[in-house]
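1. Sharing a sequence plus its predicted fold:
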Amino acid sequence: MIEGMKSLYVVSLCPTETDQARSNILPFAISLAQQARAHLSIEMAAMRIVVPSAGPSSTISGLVTSENRRLLGISQEYARQAHADASAAGVPATAQPVHLAYSDFVARMPHRARVHDLTILSSGASLMEVNRGFVETALFEGAHPVLIAPPGLSTFTCRKVVVAWDGSMMASRAVTGALPLLRVADQVEVISVQGEKDLSRAIPGTDVAEYLSRHNVKVTLKDLTVGAGGVAQTLRGQMQMMHADLLVMGSYKHSRLREWVLGGVTASLLEECETPLFMAH
């Protein structure tokens, strides 16, 4: 049993007739909640359409009002179903529909994330759209770790885990946050990718391995040389070779016009990785 994660927060975008490809993250979140015996706070989000108060005709305004009413109904129905699914799995849960403008929803997300042990989100193609804002907000403002699952994954497992280690504060926070998962893993491999940046003054992997061993984590160390595809591709290759169930890593950001933007390695792994990512900032 996973111990130390008792309050999980999951945000799922409601599928619509025009976007059936959106991933249903709920089975994955319910699976983790079962293993952790945790409470699951579910939010089924259908973004509210907002138009300028001046400009659109009464006909357009009426169409927008009608569509927003429909989207609210979709959100309410999916929230009811999500609660029923969690209850059927024996998971204590609350489920609520969320029908807000995108900016309003993103603004409230950190407050929800800060009162849960872990935020669970979905990655995939929609990351470049709405989901990317969710991920960035939860990571940089939510205070607690974020678990991001690829589309189509319905069961959580962490038998084999890769820890991407560079000695940074972000990596350290990710390792500490992931301890409940690392303790139950059969194999944890701490990987340092050499050549992308100077790690000579970083906390060595041997130190974090010793720290993890004190927490009864079975750990091995490996140094890799960055390949032609960069750090992200090097990590992907190692995860595929190991058949890893989870990647634990610190998240990075760039400041651009006062907007927090995910760093290159983080963004690349989110968009293309087939393995769930446990991240902290």
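-> Structure received.
2. Show me the longest helix that occurs in the protein.
-> helix 58-88 (DSSP state H).
3. where does the stretch 1-150 of the chain dip in pLDDT?
-> 16-23, 53-56, 124-131 (pLDDT under 70).
4. Who are the packing partners of the longest helix of the chain?
-> helix 26-36, strand 39-45, strand 93-98 (3 or more Cβ pairs under 8 Å, 6 or more residues apart in numbering; DSSP states H and E). Every residue, glycine included, has its C-beta placed from N, CA and C.
5. Beta-bridge partners for the spatially most central residue of the chain, please?
-> Per Cα atoms, centre = their mean, the C-alpha nearest to the average position across the chain is that of residue 148, at 2.5 Å. Beta-bridge partners for residue 148, by DSSP bridges, are residue 121, residue 277.
6. just to revisit the earlier point, kindly reformat the helices and strands packed on helix 58-88 as JSON lines containing mean neighbour count and distance to residue 3.
-> Below are the helices and strands packed on helix 58-88 laid out as JSON lines (neighbours: other Cβ atoms under 10 Å; distance: least, Cβ to Cβ, whole Å):
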{"stretch": "helix 26-36", "mean neighbour count": "23", "distance to residue 3": "7"}
{"stretch": "strand 39-45", "mean neighbour count": "23", "distance to residue 3": "14"}
{"stretch": "strand 93-98", "mean neighbour count": "19", "distance to residue 3": "19"}
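7. Columns distance to residue 209 on top of the ones you listed, output as TSV?
-> Rendered in TSV, the data for the helices and strands packed on helix 58-88 read as follows (distance: least, Cβ to Cβ, whole Å):
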stretch	distance to residue 209
helix 26-36	25
strand 39-45	33
strand 93-98	37
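8. do you know which of the ones you listed lies nearest residue 153?
-> Ranking those by proximity to residue 153 (Cβ to Cβ) places helix 26-36 first, at 5.4 Å.
9. the inter-axis angle of that closest one versus helix 58-88?
-> Helix 26-36 runs at 30 degrees relative to helix 58-88, counting by axes from the mean of the first three to the mean of the last three Cα atoms, to 10 degrees.
10. and helix 26-36, how far from the chain's centre?
-> 14 Å (Cα atoms, centre = their mean, to the nearest Å).
11. try stretch 155-166
-> The answer for stretch 155-166 is 14 Å, by Cα atoms, centre = their mean.
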